[in-house]
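Undergrad: Next comes the sequence, and after it the predicted model I'd like to discuss.
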Amino acid sequence: MTNVSSRAWLAGCVVAASALLLTSCTSGSGDDNAADSSSSPTPSVSPTAPGALEERLTKQAQAALADVHSGTMVEAGAERVTDGIHTEPTLSKGKTYTLNLVCFGSGSAQLAFTPASTGTKTTVPCDQSVVKQRITAQKPIRIDVDGTKGSTGVIAWQIDAI
């Protein structure tokens, strides 16, 4: 019972942290000139629209991963496709894991491992389909997922010990 509560709490923390990070990354740069401060404000498109869209896509992507969750979660996250995923998870030598990825948006991203023998380099389409990779760690690994040119949206990932 405690394990389920811990997962729910962790999932809530991941969503909150993702929303906070996405919001902070989209804030203004603060480089306004003093001369511009006396001019009247100009109407603009809602500044929260991109942040709200990213938050919605993040929640949808994380929900999609929750539906395919198997095993014990080791590490998870969500990032903008344009920022990519770059992680060096701490995995036990010789143990088998499942890496689940899902992208909500448009375009695609490329998944790569270092060392390359850890998993298969593959394309992750931003069409809401879940991409699974079975990996076995023999030494420290690095996972990189980079959006292709023009791709947008949110990519969520989760590593489960099986």
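TA: Here it is on my side, so go on.
Undergrad: So residue 65: helix, strand or coil?
TA: Secondary structure, DSSP: H, G, I helix; E, B strand; the rest coil: residue 65 is helix.
Undergrad: Distance-wise, check it relative to residue 84.
TA: 17 Å (C-beta to C-beta, to the nearest Å). Yep, even glycine has a C-beta here, placed from its N, CA and C like the rest.
Undergrad: Counting neighbours around each, name which of the two comes out higher.
TA: Higher neighbour count among residue 65 and residue 84: residue 65, with 20 against 15, using other C-beta atoms under 10 Å.
Undergrad: which intervals of the chain have sub-threshold pLDDT?
TA: Within the chain, the segments meeting pLDDT under 70 span 1-50.
Undergrad: And the helices in it?
TA: 2-25, 49-68 (DSSP state H).
Undergrad: show me where this structure has strands.
TA: Using DSSP state E, the strands of the chain run over residues 72-80, 85-87, 96-114, 122-136, 142-147, 152-161.
Undergrad: Which positions in the last one come out as buried?
TA: Neighbour counts over strand 152-161 (16 or more other C-beta atoms under 10 Å) mark 152-160 as buried.
Undergrad: again, but for the first one
TA: Judged by neighbour count using 16+ other C-beta under 10 Å, the buried positions of strand 72-80 are 73-80.
Undergrad: List every C-alpha atom in that strand, with coordinates, as CSV.
TA: What follows is strand 72-80, C-alpha atoms only, in CSV (Å, rounded to 0.1, in the frame of the first residue of the first chain):
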residue,chain,number,x,y,z
THR,A,72,9.6,-0.7,-10.3
MET,A,73,10.2,2.9,-11.5
VAL,A,74,13.9,3.9,-11.4
GLU,A,75,13.8,7.3,-13.0
ALA,A,76,11.3,9.4,-15.0
GLY,A,77,10.8,12.9,-16.4
ALA,A,78,9.3,15.1,-19.1
GLU,A,79,11.1,17.7,-21.3
ARG,A,80,10.3,19.9,-24.3
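Undergrad: Okay, now the sheet partners of that strand, with direction.
TA: Take DSSP bridges as the rule and strand 72-80 pairs in its sheet with strand 152-161 (antiparallel).
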